[in-house]
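sequence? don't have it. structure:
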């Protein structure tokens, strides 16, 4: 690192790294979802495991919940929580509908994340108390973004099993 | 973020976030590998997909290769590359042996990563050229760590399928 970099420039670089990794993972997921198509996504990723449909709803629900956690507004689709976070039941939802939610949630989240100033990313997110944050300042909004980026990877590693084996 | 934080303190916080996420993922993987035990790890994570054994070797090989990429010395087990990065053939390796490599690689890598000064994490890693790095300073050692943390998540999402379904 250039020793002349200011705190502001350092902060901006780190936020950029976090957002670029997020974007890369969203793009990778979208590419895979397009490639799989609606038919393959109906299948379970492994015997007796979640279906592709449920995983799309799950990722949409988890990303939707990031809006309030990051202080970026209310969830768009709070009804997803019951089926896709608290349980594993995608009945009542169709894949085209869930794809729409997934895209809308990600677009909205990304637009609103872009409005955060670099230093705001180092503020507390709402899943950590003020007391805990005072002791553990790494539990900030950027750390939540990095964690949720890992959550995408975790499930993409499962969704790839829907691809026909060569 | 406290406006009084210096560049050094900011940099240190970023690095701490990266290393804590890494440690969390390594711990999570170790806990899962212990829980699965050697018998379940012999199985394929899904029909016609990699076995748990191969994935342990793969993760060990990928982490071993981080040593030279981060400028922290030569790989400990370069022979793993052929079986666990260039191909999917774990024959010739036993699980106790691969567990030993996995633990040794992670311990060594973590010890050496601890010797890096915070600002060194923002330097170029060896997979990016000096020219590219000048244009894309986010492609630094810390970014590689974050990427490889995501790589762990990706495969842990697969290894969990070895757990007997409740």
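Now that the structure is in, tell me what you want to look at. Only a predicted model underlies this, so the values are computations on that prediction, with no experimental measurement involved. Numbering: from 1, shown residues only, chains lettered A, B, ... in the order given.

Now do the strand or helix carrying residue A:134, average pLDDT.
Element membership of residue A:134, judged by DSSP states H and E, is helix A:130-135. The predicted model gives helix A:130-135 an average pLDDT of 92.

quick one: the very next helix or strand once past that helix near chain B?
Where DSSP H and E defines the elements, the next helix or strand beyond helix A:130-135 is helix A:141-159. Yes - Helix A:141-159 comes into contact with chain B (C-beta under 8 Å from any C-beta of the partner chain), by way of A:142-143, A:146-147, A:149-151, A:153-158. All C-beta spots, glycine's among them, are computed from the backbone N, C-alpha and C.

Next up, the contacts around the closest residue in space to residue A:63 that isn't next to it in sequence.
With sequence-adjacent residues excluded and distances taken as C-beta to C-beta, 6 or more residues apart in numbering or on different chains, residue A:63 is closest to residue A:105, at 4.9 Å. Residues near residue A:105 by C-beta atoms under 8 Å, 6 or more residues apart in numbering or on different chains: A:60, A:63, A:64, A:76, A:77.

mind checking the SS state of residue A:105?
helix (DSSP: H, G, I helix; E, B strand; the rest coil).

what does residue A:126 give?
coil.

so what secondary structure elements neighbour the lengthiest helix in chain A?
When chain A is parsed with DSSP state H, its longest helix is helix A:7-41. Here helix A:7-41 touches helix A:52-69, helix A:95-113, helix A:141-159, helix B:7-41, helix B:141-159, going by 3 or more C-beta pairs under 8 Å, 6 or more residues apart in numbering or on different chains; DSSP states H and E.

Buried residues in that helix, which are they?
Buried residues in helix A:7-41, counting neighbours by 16 or more other C-beta atoms under 10 Å in any protein chain shown, are found at A:7, A:10-15, A:17-19, A:21-22, A:25-26, A:29, A:32-33, A:36, A:41.

how far away is residue A:11 from residue B:35?
39 Å (C-beta to C-beta, to the nearest Å).

Kindly report the same for residue A:40.
30 Å.

Residue A:155: how many residues sit nearby?
Residue A:155 is flanked by 21 other residues according to other C-beta atoms under 10 Å in any protein chain shown.

contacting residues for it?
By C-beta under 8 Å, 6+ apart, the contact set of residue A:155 is A:55, A:58, A:59, B:157.

shaky segments in chain A?
Filtered on pLDDT under 70, chain A yields the residue ranges A:1-5, A:166.

mind running it again at 80?
Within chain A, the segments meeting pLDDT under 80 span A:1-7, A:166.

Name the SS class of residue A:72, please.
From three-state DSSP, the assignment for residue A:72 is coil.

correction: residue A:115
Classified using three-state DSSP, residue A:115 is coil.

quick one on the thing from earlier: which one (most neighbours) among the residues of helix A:141-159 next to chain B?
Among the residues of helix A:141-159 next to chain B, the one with the most neighbours (other C-beta under 10 Å) is residue A:142, at 26 neighbours.

what about stretch A:78-89, start to end distance?
The first and final residues of stretch A:78-89 sit 15 Å from each other (C-alpha to C-alpha, to the nearest Å).

buried sites along it?
By 16+ other C-beta under 10 Å, the buried positions in stretch A:78-89 come out as A:80, A:83, A:84.

quick one: residue A:78 is in a strand?
No - applying three-state DSSP, one finds residue A:78 to be coil, outside a strand.

what are the phi and psi values for it?
With angles defined as degrees, to the nearest 10, residue A:78 sits at phi -60, psi -20.

What count of nearby residues applies to the nearest residue to it once chain neighbours are set aside?
Nearest non-adjacent residue to residue A:78, counting by C-beta to C-beta, 6+ apart: residue A:64, 7.7 Å away. Residue A:64 has 26 neighbouring residues, counting by other C-beta under 10 Å.

how much space between residue A:64 and chain B?
Residue A:64 sits 20 Å away from chain B, going by C-beta to the nearest C-beta, to the nearest Å.

From what I see, that residue and residue A:76 are in contact.
Yes - counting by C-beta atoms under 8 Å, residue A:76 is a contact partner of residue A:64 at 5.6 Å.

Show me the common contact partners of the two, please.
With C-beta under 8 Å, 6+ apart, residue A:64 and residue A:76 have common neighbours A:101, A:105.
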